[in-house]
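Colleague: kindly return the folded structure for what I paste below:
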Amino acid sequence: MSGGQLPISCDVIVVGGGPAGFATAIGCAEAGLRVNVLDRSTFPRSCVGETAHPGVEPLFERLGIAEDVTKAQFVRHTGIWMKHGPETEFVRFGGTTRRPWRGFQLCRPEFDQILMNRAQKLGVRFIEGCIPSDANSDTGGVAVVTNMGVFRSKVLVDGTGRNRWLARRWRLKVDAFSPKLIARFGYWEGECLSNHDNPTFALRRDGWDWIARLKPNLYQWVSLNYREQKLGLSGVPVEFAKLRQIGRLRGADVTWSLARRPASSAYFLVGDAAAVLDPSSSHGILRALSSGILAATCIARIIKGGSTDVRGITAGYDAWQRDWFLKDVSRLRMLNHAVQPTAAVPRRGIATAQL
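Modeller: Alright, predicted model coming up:
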């Protein structure tokens, strides 16, 4: 689109109704901004489960969903079983004997619904089944072209996760910090006594395995092999031998990667749309909610605060994303020695990078 300014139908458009997208929408709505969330799916939708450490609870409070999360009665755990070869150790989160810290095993369809309900109570307009095909910007704002028409706003937020819809449309630079990594995951139903309460993280020379209980008699297995990236049925945990597999194994690209510019005056990338690490980083849900909250704060300063230092605000957000990402990359390289910086030819739209 060209010529003149775009008429503004809302202040902020969020593409993608996951934790990062809804956290952004909630923060913007609380600041008095008009927000539309567009999502191609219909709710409830099936998503891979999320394990969250106790440190996520202040974010639930900040978003106004703590009470609803408690009512949902998600599986809680006091620590993680760590396996390395023949050695097994239980690592507690901390706290006291009477009040131990407990993490969450969030069932994503239910958790996303909680976030959506909170956003709608604040006046956020949620439009499901809305598939974006293009986005254009000029001095007047941003226009998102969808199967339901054109939506216009002052700022566009990409919360589409690893799909990185906006980065692909606008050819934003994304740097890869590892070889291509594919995590596979699946679900099993039945009673698994050896993994009844706390998750298990098993580190192998060629990767790792994660087993967690999502609900009574429902378990999730996530596995990453550093060298073999093909999906298959081999290597399924022996604990699941007597359980019934639900659906098929699925895969997700978890190559360590970071958008070079996660924010500008026209857009903000939140959650995995900005930075991706494999699940062993343990910060997926924490990063998603934190980045959404911070993005909303920045957007409110730009739109409502009348700040003239837009470049400084977006540069601060970029630095926050990069600093957290690089710290996690350094930690993961110490844990997963098999993953080394790559100098391979980059995939389409992704440049390789080294620390």
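Colleague: when you work out contacts or count neighbours from here on, use the C-alpha atoms and nothing else.
Modeller: Noted.
Colleague: residue 255: how many residues sit nearby?
Modeller: A count of nearby residues for residue 255, using other C-alpha atoms under 10 Å, gives 19.
Colleague: for the nearest residue to it once chain neighbours are set aside, give me the pLDDT.
Modeller: Setting aside the residues directly before and after it, residue 255 is nearest to residue 181 in space (C-alpha to C-alpha, 6 or more residues apart in numbering), at 4.6 Å. The model reports residue 181 with a pLDDT of 91.
Colleague: who touches residue 181 in this structure?
Modeller: 224-226, 229, 253-256, 278 (C-alpha atoms under 8 Å, 6 or more residues apart in numbering).
Colleague: pLDDT of stretch 106-126, averaged?
Modeller: Regarding stretch 106-126, the rounded mean pLDDT is 95.
Colleague: mind listing what's buried in it?
Modeller: Applying a neighbour-count criterion of 16 or more other C-alpha atoms under 10 Å, one finds 106-120, 122-126 buried in stretch 106-126.
Colleague: roughly how far is it from the heart of the chain?
Modeller: Its chain's average C-alpha position is 15 Å from that of stretch 106-126, according to C-alpha atoms, centre = their mean, to the nearest Å.
Colleague: what do you get for stretch 59-69?
Modeller: Here the centre of stretch 59-69 is set off from its chain's centre by 17 Å, with C-alpha atoms, centre = their mean.
Colleague: residues near residue 303, how many?
Modeller: Applying other C-alpha under 10 Å, I find that residue 303 has 16 neighbouring residues.
Colleague: and it, how far from residue 329?
Modeller: The gap separating residue 303 from residue 329 is 33 Å, by C-alpha to C-alpha, to the nearest Å.
Colleague: surely residue 93 is in contact with residue 76?
Modeller: No. Counting by C-alpha atoms under 8 Å, residue 76 is not a contact partner of residue 93; they are 11.7 Å apart.
Colleague: these two: which is more packed in?
Modeller: Just comparing residue 93 and residue 76: by other C-alpha under 10 Å the higher neighbour count belongs to residue 76, 21 against 16.
Colleague: residue 19: what's it in contact with?
Modeller: Applying C-alpha under 8 Å, 6+ apart to residue 19 gives the contacts 112, 115, 271, 285, 288-289.
Colleague: and residue 98, what's its pLDDT?
Modeller: 86.
Colleague: and residue 178, helix, strand or coil?
Modeller: Following DSSP: H, G, I helix; E, B strand; the rest coil, residue 178 is assigned to coil.
Colleague: just to check, it is in contact with residue 256?
Modeller: Yes. With contact defined as C-alpha under 8 Å, residue 178 and residue 256 form a contacting pair (5.4 Å).
Colleague: shaky segments in the stretch 251-355 of the chain?
Modeller: 307, 336-355 (pLDDT under 70).
Colleague: again, only this time at 50
Modeller: For the stretch 251-355 of the chain, the stretches with pLDDT under 50 are 343-355.
Colleague: which stretch of helix or strand covers residue 22?
Modeller: helix 19-30 (DSSP states H and E).
Colleague: mutual contacts of residue 93 and residue 76, please.
Modeller: Common neighbours of residue 93 and residue 76 are listed as 102-103 (criterion: C-alpha under 8 Å, 6+ apart).
Colleague: among the contacts of residue 19, which ones are in helices?
Modeller: Judged by DSSP state H, helices contain the following of these: 112, 115, 285, 288-289.
Colleague: can you tell me which of those is nearest residue 130?
Modeller: Nearest to residue 130, judged by C-alpha to C-alpha, of the ones in helices among the contacts of residue 19 is residue 112 at 17.0 Å.
Colleague: quick one, what contacts that closest one?
Modeller: By C-alpha under 8 Å, 6+ apart, the residues touching residue 112 are 17-19.
Colleague: again, but for residue 20
Modeller: Residue 20 makes contact with 159, 270-271, 288-292 under the criterion C-alpha under 8 Å, 6+ apart.
Colleague: again, but for residue 304
Modeller: For residue 304, the contacting residues are residue 33, by C-alpha under 8 Å, 6+ apart.
Colleague: please apply the same query to residue 150.
Modeller: 143-144.
Colleague: what helix or strand is it located in?
Modeller: Secondary structure from DSSP H and E places residue 150 in strand 149-153.
Colleague: wait, residue 186 sits on residue 240?
Modeller: No. Taking contacts as C-alpha under 8 Å, residue 186 lies outside contact range of residue 240: 11.1 Å.
Colleague: picking up where we left off before, now do the next helix or strand after the helix holding residue 22, average pLDDT.
Modeller: Using DSSP H and E, the next helix or strand after helix 19-30 towards the C-terminus is strand 35-39. For strand 35-39, mean pLDDT is 96.
Colleague: packing partners for strand 35-39?
Modeller: On a contact count with 3 or more C-alpha pairs under 8 Å, 6 or more residues apart in numbering; DSSP states H and E, strand 35-39 meets strand 12-15, helix 19-30, strand 125-128.
Colleague: ok, 6 Å please
Modeller: Packing partners of strand 35-39 (3 or more C-alpha pairs under 6 Å, 6 or more residues apart in numbering; DSSP states H and E): strand 12-15, strand 125-128.
Colleague: and of those strands, who's closest to residue 333?
Modeller: Of all the helices and strands packed on strand 35-39, it is strand 12-15 that lies closest to residue 333, at 32.1 Å by C-alpha to C-alpha.
Colleague: please identify the pairing partners of that closest one and their relative orientation?
Modeller: Sheet pairing here is set by DSSP bridges, and for strand 12-15 it gives strand 35-39 (parallel), strand 155-158 (parallel).
Colleague: before we move on, the earlier item: what's the closest of the contacts of residue 19 to residue 263?
Modeller: Nearest member of the contacts of residue 19 to residue 263, counting by C-alpha to C-alpha, is residue 271, at 12.3 Å.
Colleague: brilliant, that's me finished.
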